[in-house]
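Undergrad: any chance you can model this:
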Amino acid sequence: MRVFKIVFNEDTFGITQRSLKMLRNTLALTINHPIAVVCVPVNDLCCGFFVFDRKTKTAYFSGDGFRLDQAGEGGAGYRSASALFDIYGINAIMWEPIPLEEIYNLPEDKLEQKLMEVANSIATGLSEKDFRTPFKQKPHYVRRY
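TA: The predicted structure is shown next:
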């Protein structure tokens, strides 16, 4: 898949609640489209999610406000994201770490360019089986986190 559009919000970078809101809204927006969700560690502690929409050739970046060690607010956000994936019947694909701290200081045009490069490098590694249409999935019960 080739990505032609990247959607992100700088206000989500490093902030759990805003990152989770972006992720939730993206999943709701793409419920009728084949999507793939990729978890990208951005350093030793934090991660963000890319949602790839195969129909619109768009990638959405949630922001990197989630903690992989599931500690603190970022960990609660990570567990909440996992619950959303369970409800939507989506398996998030764990990706190799991509250091993104440099994006915090980039001007918006360079930031968009960098995120587009990252999204396209990930998208080329996705296969047909990685995409699911949430609307077509059986509803899942949320297990206790």
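
Undergrad: now the residue nearest to residue 108 when sequence neighbours are not counted: how far from residue 17?
TA: Nearest non-adjacent residue to residue 108, counting by Cβ to Cβ, 6 or more residues apart in numbering: residue 10, 7.3 Å away. All C-beta atoms are positioned from the backbone trio N, CA, C, and that covers glycine. Using Cβ to Cβ, to the nearest Å, one gets 15 Å for the distance from residue 10 to residue 17.

Undergrad: one step back: do you know the pLDDT at the residue nearest to residue 108?
TA: Listed pLDDT for residue 10 reads 93.

Undergrad: ok, it to residue 71 distance?
TA: For residue 10 relative to residue 71 (Cβ to Cβ), the value is 25 Å.

Undergrad: circling back: burial measure for the residue nearest to residue 108, as a count.
TA: Here the number of neighbours of residue 10 (other Cβ atoms under 10 Å) works out to 12.

Undergrad: and the nearest residue to residue 13 once chain neighbours are set aside, backbone torsions?
TA: The shortest distance from residue 13 to any non-neighbouring residue, by Cβ to Cβ, 6+ apart, is to residue 63 (5.3 Å). Backbone torsions of residue 63, given as degrees, to the nearest 10, read phi 100, psi 170.
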